[in-house]
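Chemist: How does the following fold in three dimensions:
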Amino acid sequence: MQVEMVSTDAKDMVEVRYILSLREETLSSELTVSNLKSSSIQMRGGIISHLTVSTPEATFAYGLEGSDFYNRPVFLSNFGIVPPDLSQKRGFGSGQLWGNLGFNGFLTGWDARNQKNGDKGNDSLIESEEMEGEENDNYKNLTEEMSRIYTSAPRDFTIIDRGRRNSVVVGREGFEELYIFSPGSSRESYGMYSFICVGQSAMLKPVTLNPGDAWTGSQHLHNPNL
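Modeler: Numbering: from 1, shown residues only. Just a heads-up that it's a prediction; the model follows:
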């Protein structure tokens, strides 16, 4: 099964094409950005996936030893669940609604938010750890709260959930950075809804597109246990 979504911003002359493909054992997310302008643009953003897990204590990231990382505030999304009659109530057209909730946020929302807040979000998480470092554990337990961008991670690594006796191989193309977030095990409210986030990003080093250029980045989640 394959779903394709396309947004063309006529004013800014940038096209974003997103393709979600579901195969027997693999879920792939592919993002293509085309610059139709006569000047260069920079793109910041990423593809983030939520994975349900048994507990953070039983969840491990395998294969990241030696990768450089930066601790960063948790990524916040500008996307939301929109009631079908919202555009009529507020007088938005479909193009305006997409621009306000999605396209502009994908390109600039994270930067603008952190400039406004002075990058002070999640102070407790950032202050409790070194801002940057090198992963020294090849079997990284995700029981502690963490929000990291790995800048030299391998193209493929594995999330292992020993509680469910399950694993997911996470692969990427195009993106140079890997993002991992774990809420840790200290928050009882998660309970049966325990999760972690993994994703591919271009946050620390934005992608530059010259006039007429197109860039593609993708993430692949492969479940070999099916």
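
Chemist: Can you show me the strands along this structure?
Modeler: Counting by DSSP state E, the chain has strands at residues 2-9, 14-22, 26-35, 41-52, 59-62, 68-71, 132-134, 139-141, 146-150, 156-161, 166-173, 177-182, 195-209, 214-222.

Chemist: who does the second one pair up with?
Modeler: As defined by DSSP bridges, the strand partners of strand 14-22 come to strand 2-9 (antiparallel), strand 26-35 (antiparallel).

Chemist: surely residue 44 meets residue 208?
Modeler: No: here residue 44 lies out of contact with residue 208, judged by C-beta atoms under 8 Å, at a distance of 10.8 Å. C-beta coordinates here come from the backbone N, C-alpha and C atoms, glycine included.

Chemist: Who has more neighbours out of those two?
Modeler: Legend: neighbour count by other C-beta atoms under 10 Å for residue 44 and residue 208, higher for residue 44 (17 against 13).

Chemist: Tell me how far the more buried one lies from residue 52.
Modeler: Computed as C-beta to C-beta, to the nearest Å, the residue 44 to residue 52 distance reads 28 Å.

Chemist: what does residue 182 give?
Modeler: 13 Å.

Chemist: Look at the two and report which has more neighbours.
Modeler: residue 182 (23 against 11).

Chemist: Which residue, other than its chain neighbours, is closest to the more buried one?
Modeler: residue 142 (4.1 Å; C-beta to C-beta, 6 or more residues apart in numbering).

Chemist: next one: phi and psi at that neighbour?
Modeler: phi -100, psi 30 (degrees, to the nearest 10).
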